[in-house]
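[1] with the input below, show me the fold.
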Amino acid sequence: AHTMSVGGSSGADAVAAEDGCGRGDNAARLRWAVNVAKWHPLGDHEGSEFQFLLTLLPPNERADCLKMVFMPDKKRALASRLLQRAACARVTNIPHADLLIERTKGRKPFLAACANFHPNSNLTDPSSVSQAFEEDAKGIGKSAKLPLLPHAPNFNFNVSHEGDFVVLASEPSAICGIDVAAPGQARRRGKDGRMPSAEDMLKTFATVFTAHEKQEIRSALNDGTGMHVNDDDAKEEVFRRHWSLKESLVKAMGVGLALELGRAEFH
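    All right, here's what the predicted structure looks like:
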């Protein structure tokens, strides 16, 4: 199974999974997962299905998807961008074609502006978007507005893709980051062709994990057979979980590699 971390959540294997239209009582708190390995568009990226979905994206995002060499990467790129636009459209109640999504310097996506957002729009539902709005601080244009969201004053979201899955999480107030890690993602064969052990990986990433986290990884057990036996695969799974949590934190903050990962500890 994949590891998906938003403060430690796990994604289930499904073509498309949605953990509620809004977790709890807030529609801006989303947890979505798509298994792109189970999606087989006829004709691949040149087929009508994939081409239609591309038309739902602005030109620059279409180009980003198509510049990928391999079809699995094209599917992940497309699904990621469609999830972002779908989440913003749901939370703001504004057509996704009118949404402008940009990225921070640390590459975290964010809703930058909503074109054609007008105070006379039919947005009277108080649980949706307030009729009040403010000019986009970035000055993208006089017609570009950002709606005020009473139910989501600091609406933000994050996406991740690896292996079979593309995942998205959003929060109304707290900063949000997500990472999904495929089995074996952390391991890369060395130049000698040997697969590194969990201990090898700990040495390579010595400054990333704290003493407590290293102990958690080293003491991982695999009791699938009913016998508690040290197992390198079990250690790799715990390594991957901790790595995913660190990635989620960095992505939530939107700071890229600026954060020293060893300063954060997860329990």
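[2] contacts and neighbour counts: CA atoms only from here.
    Fine.
[3] please identify the helix or strand for residue 101.
    Residue 101 is part of strand 99-103, with elements assigned from DSSP states H and E.
[4] shaky segments in the chain?
    1-24, 115-145, 184-190, 222-230 (pLDDT under 70).
[5] try 50 this time
    1-3, 7-14, 118-143, 226, 228 (pLDDT under 50).
[6] would you map the helices across it?
    In the chain, the helices defined using DSSP state H lie at 48-54, 59-66, 71-92, 198-204, 211-218, 232-253.
[7] most tightly packed of these?
    Among the helices of the chain, helix 232-253 has the highest mean neighbour count (mean count of other C-alpha atoms under 10 Å), at a mean of 22.
[8] what's the angle from that one to helix 211-218?
    On the basis of axes from the mean of the first three to the mean of the last three C-alpha atoms, to 10 degrees, helix 232-253 is oriented at 140 degrees to helix 211-218.
[9] show me what helix 232-253 is packed up against.
    Packing partners of helix 232-253 (3 or more C-alpha pairs under 8 Å, 6 or more residues apart in numbering; DSSP states H and E): strand 3-5, strand 179-181, helix 198-204, helix 211-218, strand 221-222.
[10] residue 59 is nearest to which of those?
    strand 179-181 (26.5 Å; C-alpha to C-alpha).
[11] about what we covered before: turn the helices and strands packed on helix 232-253 into TSV, including distance to residue 42.
    Converted to TSV, the helices and strands packed on helix 232-253 look like this (distance: least, C-alpha to C-alpha, whole Å):
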stretch	distance to residue 42
strand 3-5	29
strand 179-181	27
helix 198-204	40
helix 211-218	43
strand 221-222	41
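[12] quick one: closest of these to residue 77.
    The closest of the helices and strands packed on helix 232-253 to residue 77 is strand 179-181. By C-alpha to C-alpha, the value is 14.3 Å.
[13] so how far is the closest one off the chain centroid?
    Averaging C-alpha positions (C-alpha atoms, centre = their mean, to the nearest Å) puts strand 179-181 8 Å from its chain's average.
[14] about what we covered before: how about the strand holding residue 101: buried residues?
    Within strand 99-103, the residues that count as buried by 16 or more other C-alpha atoms under 10 Å are 99, 100, 101.
[15] compare the helices and strands packed on helix 232-253 and give me the one nearest residue 168.
    With C-alpha to C-alpha as the criterion, residue 168 lies closest to strand 179-181 of those, at 8.8 Å.
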